[in-house]
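> sequence unknown, structure follows:
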Ligand code: FES
């Protein structure tokens, strides 16, 4: 099969063993744009954690590729995902995370959507007599959960999450992942192309040098790497005496 691919004059053919993609693959806006549409918009992406969505009305915003989405715990108990764009003129409906009560209210002209995504209110309704308002629900996206994580997918043709997730789903079940609580969270802005960060996660060669704390609490020799058709994972055991310390971290 011919795997030649050139974008923005950059040869993106799979490199020979031991070789890297050309530098432009990591800096070209045109390559990045194609990646957002052809990779992320067709993939299942981690968009929220169940710990953030415990109560009806809890919501979390995220992006899948370049598309903003919002994940909401409905008042019927169902966690759903929607494109985070108002059906009126496309304004962003929800910002950040929090609890929206019984409705997500667009800040532009105050169209309101129930936690199931249905349009439930709008000012000057009589002005819209010619519109099919029943068809103006927020656009739903696919969602799935694995352990403590919620994934979203924009592409109806992507494989079911149970297939796409591969070993991850079984590994989180074995680890009783659905019972996990978020102990602490750090957010970093890392000014690199996403591929640099992913590649960093694919090798443990640097761990002993860079992450001395990890050496303290992870059984590095227990690490297992899985390379699957749609994703790759690494899991390792935490040393038993570190469970106590981590449970107290905030
Ligand atoms: S764009 Fe949301 S109400 Fe107008």
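Arrived safely. If you're wondering where the values come from, they're calculated on a predicted model, not measured in any experiment. Numbers count the residues shown, from 1 in each chain.

> tell me which helix or strand residue 223 sits in.
strand 218-227 (DSSP states H and E).

> in that strand, which residues are buried?
Residues of strand 218-227 classed as buried: residue 218 (neighbour count, 16 or more other Cβ atoms under 10 Å). No exception for glycine: its C-beta is placed from N, CA and C like everyone else's.

> test my guess that residue 142 contacts residue 156.
Yes. Between residue 142 and residue 156 a contact is recorded at 7.3 Å, counting by Cβ atoms under 8 Å.

> of the two, which one has the most company?
Neighbours per residue (other Cβ atoms under 10 Å) separate residue 142 from residue 156, with residue 142 holding more: 16 against 7.

> averaged pLDDT, the top helix by length along the chain. What do you get?
The longest helix of the chain (DSSP state H) is helix 29-38. The average pLDDT within helix 29-38 is 96.

> distance of residue 83 from residue 163?
Noted for residue 83: a distance of 24 Å to residue 163, by Cβ to Cβ, to the nearest Å.

> for the chain, which segments are assigned as strands?
For the chain, the strands defined by DSSP state E cover 6-7, 10-11, 45-49, 58-64, 67-73, 79-83, 97-99, 103-105, 112-114, 119-121, 140-146, 149-153, 218-227, 232-238.

> out of those, which gets nearest to residue 169?
Comparing those against residue 169 with Cβ to Cβ, the closest turns out to be strand 140-146 (5.1 Å).

> so what strands line up beside the closest one?
strand 79-83 (antiparallel), strand 149-153 (antiparallel) (DSSP bridges).

> redo those strands as TSV? Include mean pLDDT and mean neighbour count.
What follows is the strands paired with strand 140-146, written out as TSV (pLDDT from 0 to 100; neighbours: other Cβ atoms under 10 Å):
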stretch	mean pLDDT	mean neighbour count
strand 79-83	98	22
strand 149-153	96	23
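
> possible to save the ones you listed as JSON lines with distance to the ligand?
As requested, the strands paired with strand 140-146 are exported to JSON lines (distance: least, Cβ to the nearest ligand atom, whole Å):
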{"stretch": "strand 79-83", "distance to the ligand": "13"}
{"stretch": "strand 149-153", "distance to the ligand": "21"}
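
> what's the closest of these to residue 102?
strand 79-83 (14.4 Å).

> next, the angle strand 58-64 makes with the closest one.
50 degrees (axes from the mean of the first three to the mean of the last three Cα atoms, to 10 degrees).

> ok, residue 27 touching residue 193?
Yes. Between residue 27 and residue 193 there is a contact under Cβ under 8 Å: 6.9 Å.

> more neighbours: those two, which one.
residue 193 (16 against 12).

> which one is the more buried one nearest to, not counting chain neighbours?
residue 26 (4.2 Å; Cβ to Cβ, 6 or more residues apart in numbering).

> my read is that the one you found contacts residue 198, right?
No. Using Cβ under 8 Å as the test, residue 26 is too far from residue 198 to be in contact (11.3 Å).

> got the contact list for residue 112?
103, 104, 105, 106, 119, 120, 121, 122 (Cβ atoms under 8 Å, 6 or more residues apart in numbering).

> what residues does the closest residue to it other than its chain neighbours make contact with?
Closest residue in space to residue 112, ignoring its immediate chain neighbours: residue 121 at 4.0 Å, by Cβ to Cβ, 6+ apart. For residue 121, the contacting residues are 103, 110, 111, 112, by Cβ under 8 Å, 6+ apart.
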